[in-house]
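Novice: sequence and predicted structure are below.
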Amino acid sequence: MRNKTVLVVFFFNIVLSNVFGQEKDSKAKEKEVELKEVVLTKQKKAIEQKPDRTIFDFESQAHLNSGSVMEGLKKLPGLIISDVAGMMYQGKQLEVFLDGRPLNISSNDLNSFLEGMPANSIEKVEIITQPGAEFPATSGGAIINIITSRRAKSYLSATYSSGFNFTNYDKFRTRFNNSLLLSAKNRYFGWQLNVGQNYRESALWSTISTKSNGNTTILSDTDADRTGRSTFAKSALTFDFKKDRLLLNYDVNYNNNDSYVLGNGLGFQTNDFSKNKTFRQDVVATYQKRFDDYDKKLDFRFNYNRSDNDFNLDSRLQNTNVLDNTSVYDYVNFKIDYSQELKLLDEGKMSVGTLFDNLAFETKSFGLTNLDYSRRTAATYLEFQSSYKKIDFILGGRAEDYVIKGNTDTTELIPFKQFRFFPNATVQYNFAPQIFFNVNYNKKISLPSTSSLNPNNTNYQNPNINYSGNPQLQPTIFDNFEVKVSAFDYAYIGYNVSVAKNQVINRVLENNNIVSNTTINVPELKIHNLSIGLPIPYMLFTKGLNETLKFDFNPDKINFLYVYTGYQIHQIPDLNTKGFWMFNLMSQILLSKEIKFVTNYSYNTKGGNYYYFIAKEPFNHSLDVTFSKKFLKDKLSVSINFDDVLNTNQQGFGSSGTNLLLQSKNDTRRIGFTINYKIPTKNKLAKEDPNLLNKERKENNQLITN
């Protein structure tokens, strides 16, 4: 029996190693011979596990890049995106970064931003579950870093991307996007420009009802027909000064969203039109100082971000303006980072840095200022990394000083002036390359987002529904613990618990048939999460163990099933909560003519608590199918997608302490295609230089930002 167990373990080690890119050094790179010249290319991994993060490759996975960024994110195993409770990965609330910089938006503004970005403009997504001391302590439980940058070559190169989708649930609706990436670089100077647009028509059906004495009363029943228009431009300049480098980035995004809403319910009937415009600008200047010692690095970065939002709701029945709300925030950030190698045990590294940022946020309703909010943060950090034989250590600390103040139109905000220290520690035992056992602890803080603070309603409302933020929200303190065993990127088992003080959450209450949706601080919240991921090659069942061991694996050339399952429970004092299970199955089958057939099935069980919400229906239940093929020597990629084939993706939540039932359904069943075309060049052997929009600053599993 013992011999059989050893054989099984040995088999899975070999299979996992080969299937997902862990081949021997002699086979780590493919050789392509053309005109007696050799081109070396590196095989990308669909999923890559690192000690502090999980990396998902979007660029080469057709089932992820066929729609919007939001639609692609919803297909990632372990990631939960809910209209009522935000974005969470394996039990940790996510702070959203774009190209290594915090977006500083959440709620509906974040959903609109991600829905307006085409997924085929994304290179990869990093989910950093164990952010160390060099990351802002305000990252909270975890970080999702959406990376849009590509690589620039030493000649003019261009990539065109386009996609078209349609839904036909109650009527024909279309969605399409186009983008163009241009870049060039020489010895001293380089530039990159990415421009694009996204047009999308969608529908949302929502019902809020309450039950009393066995009778159900419909408080609100709405039918929203929505149109979203987004345009974006991302530009970069880079200047080389011997070893040093200057990077300049300017990004701009413009969203113009309309919604026609028919509503009825207890005592009312409405016919409304809303318009939401957001103009977002981001400027970054980075100077990278380099030394004769390659491992010594010094970076200076300045970042300015401004966002203007204008939301209007008009009643077409009464010909009146119901809501006229605006907001603007200005964010300034300056940081310095320094790192160098040190002799700590077998080897080691020291990182140190400082940060100063300031956020000013102002909101108005019908021209009158009802929130003037400011936040200043000053921080410094020190972190050490070292290795001893098969053990890696990380020990760090970050000190941050906060000054938060402001006032509404009626009162002053509760001031928050504190100095706090945030430690982090990681110990990892490496059984073999790419097989490790990891234990991590970090303390973090999450400052309320501007969306949560905004006292104005930036959602649809009617006489029975009211949405508003809470300017008096206090920051949340997190203690995060995690234990994880990972093998060859795809196979892992992990358990983590996050203990939060003053957690900011959505709360839906009902009083005299009036439903209020706002944000509150929960004094204490614990989230437990267990996750398991396992790849299974199909040839194990058809060819048996011996033939499987002999096979020379390539992840793009085999059929396999990836199984993910997770269990999560939210514990809130004085509330009897239940957990829920999450399942994700991703199957890849290679058909004739090198057509790739990918099926993705996601399902979350009902009955569990998601904060104060109770899932009355599976809030994630979808079957997605994608066919893809590459043409013209891999320069042209074409995919056809069928999303939510069974039309089962909908949400139904109860709210603890009430008799409310919140139900919503989007037109998620869609059909479409996506193309990516790399305009060919005669110089196929030109050297690739690091990307311009997002220069790699640190290696060895560290953040890859400016």
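Specialist: Yep, it's here.
Novice: any low-confidence regions in the stretch 101-250 of the chain?
Specialist: Within the stretch 101-250 of the chain, the set of residues satisfying pLDDT under 70 comprises 106-108, 139-140, 149-155.
Novice: which residues in it form strands?
Specialist: If DSSP state E, counting those that start in this stretch is used as the criterion, the strands of the stretch 101-250 of the chain fall at 101-102, 124-128, 142-147, 152-153, 157-167, 173-185, 189-212, 215-241, 244-265.
Novice: got CSV for these, with mean neighbour count and distance to N407 too?
Specialist: For glycine as for every other residue, the C-beta is placed from the backbone atoms N, C-alpha and C. Formatted as CSV, the strands of the stretch 101-250 of the chain follow (neighbours: other C-beta atoms under 10 Å; distance: least, C-beta to C-beta, whole Å):
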stretch, mean neighbour count, distance to N407
strand 101-102, 20, 25
strand 124-128, 21, 35
strand 142-147, 24, 31
strand 152-153, 20, 47
strand 157-167, 19, 45
strand 173-185, 19, 42
strand 189-212, 18, 33
strand 215-241, 17, 33
strand 244-265, 18, 29
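Novice: T380: which of these is closest?
Specialist: T380 lies closest to strand 101-102 among these, at 18.1 Å (C-beta to C-beta).
Novice: hang on, the earlier thing: dump the strands of the stretch 101-250 of the chain into a markdown table; add distance to V322 as well.
Specialist: As requested, those are exported to a markdown table (distance: least, C-beta to C-beta, whole Å):
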| stretch | distance to V322 |
| --- | --- |
| strand 101-102 | 33 |
| strand 124-128 | 38 |
| strand 142-147 | 34 |
| strand 152-153 | 49 |
| strand 157-167 | 29 |
| strand 173-185 | 26 |
| strand 189-212 | 17 |
| strand 215-241 | 14 |
| strand 244-265 | 11 |
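Novice: would you list the phi and psi of N647?
Specialist: In terms of degrees, to the nearest 10, the main-chain angles of N647 are phi 60, psi 50.
Novice: contacting residues for the most centrally placed residue in the chain?
Specialist: Centroid check for the chain by C-alpha atoms, centre = their mean gives I144 as the closest residue, at 4.2 Å. Contact partners of I144, counting by C-beta atoms under 8 Å, 6 or more residues apart in numbering, are 73, 87, 89, 94-97, 125-128.
Novice: go through those and name the one nearest L636.
Specialist: V125 (23.9 Å).
Novice: what bridges to the closest one?
Specialist: Per DSSP bridges, the residues bridged to V125 are F56, I146.
Novice: wait, it touches N145, no?
Specialist: Yes - between V125 and N145 there is a contact under C-beta atoms under 8 Å: 7.1 Å.
Novice: report the beta-bridge partner residues of the residue nearest to the residue nearest to the centre of the chain when sequence neighbours are not counted.
Specialist: Excluding the flanking residues, the one nearest I144 by C-beta to C-beta, 6 or more residues apart in numbering is L94, at 4.5 Å. On the basis of DSSP bridges, L94 is bridged to A142.
Novice: thinking again about what came up before, select, out of the strands of the stretch 101-250 of the chain, the one closest to N676.
Specialist: That would be, of the strands of the stretch 101-250 of the chain and by C-beta to C-beta, strand 157-167, which comes in at 4.9 Å.
Novice: how close does Y188 sit to L114?
Specialist: Distance of Y188 to L114, given as C-beta to C-beta, to the nearest Å: 37 Å.
Novice: of those two, who's got more company?
Specialist: With neighbours defined as other C-beta atoms under 10 Å, Y188 and L114 compare such that L114 has more, 23 against 9.
Novice: quick one, what contacts that one?
Specialist: Contacts of L114 (C-beta under 8 Å, 6+ apart): 68-70, 73.
Novice: try 10 Å this time
Specialist: 68-74, 81, 87, 96, 98, 103, 105, 146 (C-beta atoms under 10 Å, 6 or more residues apart in numbering).
Novice: repeat that for N276.
Specialist: 108-109, 112, 226, 228, 255-259, 309-313, 325, 458-459.
Novice: and the gap between N641 and H621?
Specialist: 18 Å.
Novice: neighbour count for these two, which is higher?
Specialist: Between N641 and H621, counted using other C-beta under 10 Å, N641 has the larger neighbour count: 23 against 20.
Novice: look at the closest residue to the more buried one other than its chain neighbours and report its pLDDT.
Specialist: Excluding the flanking residues, the one nearest N641 by C-beta to C-beta, 6+ apart is S66, at 3.9 Å. On pLDDT, S66 comes in at 78.
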